[in-house]
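Peer 1: Sequence and predicted structure, then a few things I'm wondering about:
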Amino acid sequence: MSPRRSVADTLETRQRILDHSLAIASAEGLEGLTIGRLATELGMSKAGLLGHFGTKETLQLAVVDQAAEVFQREVPGRVKQAPSGLPHLRAVCEAWVSYLEREVLPGGCFFTAATTEFDGRSGRVRDALAGMNALWRRDLRIHVRRAISFGELPADTDVDQLIYEVVGIMLALNHFLQLEHDSTAPARARLALDRLFTVR
């Protein structure tokens, strides 16, 4: 086997581990990831699996990064061409609703589940989750401020309050989809967002 093929196989195996781990973690939490379980379900040895990540914490951190890549692709990545300002903010939120509605991950929003799991702890995984959430709020804040500067939202809009309400709507959507299996939840989320962004 050529060195190039060996590297490609290693990367492919690592990606397979991450994809399977993310599917489990979205439904059962990051603590649901055990080396023994993953090795069995993926048909690998424990030593072989550990060779890719070293420790469970390193695996968890890699899954957080993988979840961020999926979210980036499925939400902001889908609306790159949307006009700046309020149209972009609306497009981002619609993509976010669609991401949850389409059940891209079997357990719904990975970050909602993982944040609930780790918010009362300390450590690298908790810090990574907090950092990802902070980056996403920063991006939303940029879109809101542009909408204000373009006169599409009132000049006295409380940016942080608006972000708080957007996140609250998405948390509610994930709850009603996952726990209640409420098929009307996406429509309710869209209505709530439209009310939030409509200037009166």
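Peer 2: Okay, I see it. Computed from a predicted structure; not experimentally measured.

Peer 1: Just list the residues touching Leu100, thanks.
Peer 2: By Cβ atoms under 8 Å, 6 or more residues apart in numbering, the contact set of Leu100 is Gly108, Cys109, Met170, Leu173, Asn174, Leu177, Pro186. Where you see a C-beta, it was placed from the backbone N, CA and C, and this is true even at glycine.

Peer 1: ah, wrong one, I meant Asp19
Peer 2: By Cβ under 8 Å, 6+ apart, Asp19 lies in contact with Gln66.

Peer 1: I'd like to know how far it sits from Arg90.
Peer 2: For Asp19, the distance to Arg90 equals 31 Å [Cβ to Cβ, to the nearest Å].

Peer 1: Select the helix or strand of the protein having the lowest average pLDDT value.
Peer 2: helix 3-28 (a mean of 84; mean pLDDT, DSSP states H and E).

Peer 1: how far out from the middle of the chain is that one?
Peer 2: How far helix 3-28 lies from its chain's middle: 18 Å, per Cα atoms, centre = their mean, to the nearest Å.

Peer 1: Show the subsequent helix or strand relative to it.
Peer 2: Per DSSP states H and E, the first helix or strand lying C-terminal to helix 3-28 is helix 35-42.
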